[in-house]
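# I need the structure of the sequence given here:
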Amino acid sequence: MAKQVPEKVRLRDVAKAAGVSQGTASNVFSRPEIVREEVRERVHAVARELGYGGPSITGRLLRAGRVNAVGVAAIEPLSYFFEDLWARQLMAEISDICDERGAGVALVSALNDERLAWNIGSALVDGFILLCVEGGERLVDITRQRQLPYVALAIGADDQSIPAIGVDNLNGARLAAEHLLGLGHRRFAILSTMLRDGHSGPADAALVRQAWYSTSRDRALGYWQALEAAGMDPHAVPVFGTLEDEASTHAAMAQIFAAGEPPTAILAMSD
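Okay, the predicted model is just below:
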């Protein structure tokens, strides 16, 4: 014979057993200051006896239509928010603003696409900030299904329907190269942020144009525009990819300065 699962005790059960209205029982848990002390004590005693743990916080928040929290999402492991320099500094700024407003922050992350969809779909937040360094378009697609406000940061997609905040990587890089050209430099090397996972060292033009990361690609294209406008062959300027860590950066710099005629200026995509 199958074992019967006991029915969940509800607020109306507590109210009936305590001899009060459901509204009064609700006030005991949500607005106790407006209920007489003897009534509060009786309702709490009945709740303990019946095994009622109190109203569902989730249900209360959903009924209110606002949870006073912002979700910050990325297609990355949770450690990304603490280990990546850009993400860490960004989280510090977001946290300061939320502190000022008395709001919370929920980190929403997963490498597995299916798990990420569940995490975003079940997050108790009022809206999302999407860190779109990788997988930005998929992250936006998943978030749109929640029909909550969102802002995408650093997304590479040229989709005017996406509310986005980003850096004009191409024109910013072009201005940086023009600055160094204006100082008289003609021998350059490009020190790149990650072009594709696991790659570091020399990179040819084809690899740069097919980079997995739009930020790295667009900054290289901006450098090349300025160099070409100055009458130089942009593809003659060596590009060295890094893994955005000290070891690969030092290795790239060693290769750069081992050349017969080392550069007088370096176009570095990041600090």
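
# The stretch 101-250 of the chain: strands as residue ranges?
104-109, 127-131, 150-153, 164-165, 188-192, 201-203, 239-241 (DSSP state E, counting those that start in this stretch).

# With respect to N119, which of these lies nearest?
strand 104-109 (5.0 Å; Cβ to Cβ). Every C-beta, even on glycine, is put in place using the N, C-alpha and C of the backbone.

# For the closest one, list every residue counted as buried.
104-105, 108-109 (16 or more other Cβ atoms under 10 Å).

# so which of those comes closest to R115?
Nearest to R115 out of the buried residues of strand 104-109 is S109 (Cβ to Cβ; 9.3 Å).

# My understanding was that the closest one contacts F82; is that so?
No: judged on Cβ atoms under 8 Å, S109 makes no contact with F82 at a distance of 11.0 Å.

# Who are the contact partners of E83?
When the contact criterion is Cβ atoms under 8 Å, 6 or more residues apart in numbering, E83 has no partners at all.

# Now do the same for it: its pLDDT.
Confidence at E83, expressed as pLDDT, is 85.

# What of V20?
On the pLDDT scale, V20 gets 90.

# burial of it, as a residue count?
Using other Cβ atoms under 10 Å, V20 has 19 neighbouring residues.

# What segments of the chain are helices?
Under the criterion DSSP state H, the chain contains helices at 11-18, 22-30, 37-50, 57-64, 80-83, 85-101, 113-122, 136-144, 169-182, 205-209, 214-229, 246-257.

# and the nearest residue to P238 once chain neighbours are set aside, what are its bridge partners?
Counting by Cβ to Cβ, 6 or more residues apart in numbering, P238 lies nearest to A189, which is 5.1 Å off, once chain neighbours are set aside. Beta-bridge partners for A189, by DSSP bridges, are I266.

# For A189, which residues are in contact?
Neighbour list for A189: 237-240, 256, 262-263, 266-267 [criterion: Cβ under 8 Å, 6+ apart].

# And for T143?
Per Cβ under 8 Å, 6+ apart, neighbours of T143: 73, 120, 128, 130, 150.

# Closest to V9 out of the residues you listed?
Distances from V9 to the contacts of T143, taken as Cβ to Cβ, are shortest for I120 (32.2 Å).

# confidence score at R187?
The model reports R187 with a pLDDT of 93.

# Can I get the strands of the stretch 101-250 of the chain in TSV including distance to A45?
Formatted as TSV, the strands of the stretch 101-250 of the chain follow (distance: least, Cβ to Cβ, whole Å):
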stretch	distance to A45
strand 104-109	33
strand 127-131	41
strand 150-153	46
strand 164-165	54
strand 188-192	68
strand 201-203	72
strand 239-241	68
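
# Go through those strands and name the closest to R219.
strand 188-192 (7.6 Å).

# Of the contacts of A189, which is the most crowded?
Neighbour max across these (other Cβ under 10 Å) = V239, 26 neighbours.

# That one touches T193, doesn't it?
No: between V239 and T193 there is no contact under Cβ under 8 Å: 11.2 Å.

# Check the contacts of A189 and tell me the two furthest apart.
Within these, V239 and P262 form the most distant pair, 15.1 Å apart (Cβ to Cβ).

# Contact partners for the closest residue in space to E178 that isn't next to it in sequence?
Closest residue in space to E178, ignoring its immediate chain neighbours: A226 at 4.8 Å, by Cβ to Cβ, 6+ apart. Going by Cβ under 8 Å, 6+ apart, A226 touches 173-175, 177-178, 181.

# Switch those residues over to JSON lines, and while doing so, append pLDDT, distance to M91 and neighbour count to every line.
As requested, those are exported to JSON lines (pLDDT from 0 to 100; distance: Cβ to Cβ, whole Å; neighbours: other Cβ atoms under 10 Å):
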{"residue": "A173", "pLDDT": "95", "distance to M91": "26", "neighbour count": "24"}
{"residue": "R174", "pLDDT": "96", "distance to M91": "30", "neighbour count": "20"}
{"residue": "L175", "pLDDT": "97", "distance to M91": "28", "neighbour count": "12"}
{"residue": "A177", "pLDDT": "97", "distance to M91": "31", "neighbour count": "27"}
{"residue": "E178", "pLDDT": "97", "distance to M91": "33", "neighbour count": "17"}
{"residue": "L181", "pLDDT": "96", "distance to M91": "37", "neighbour count": "18"}
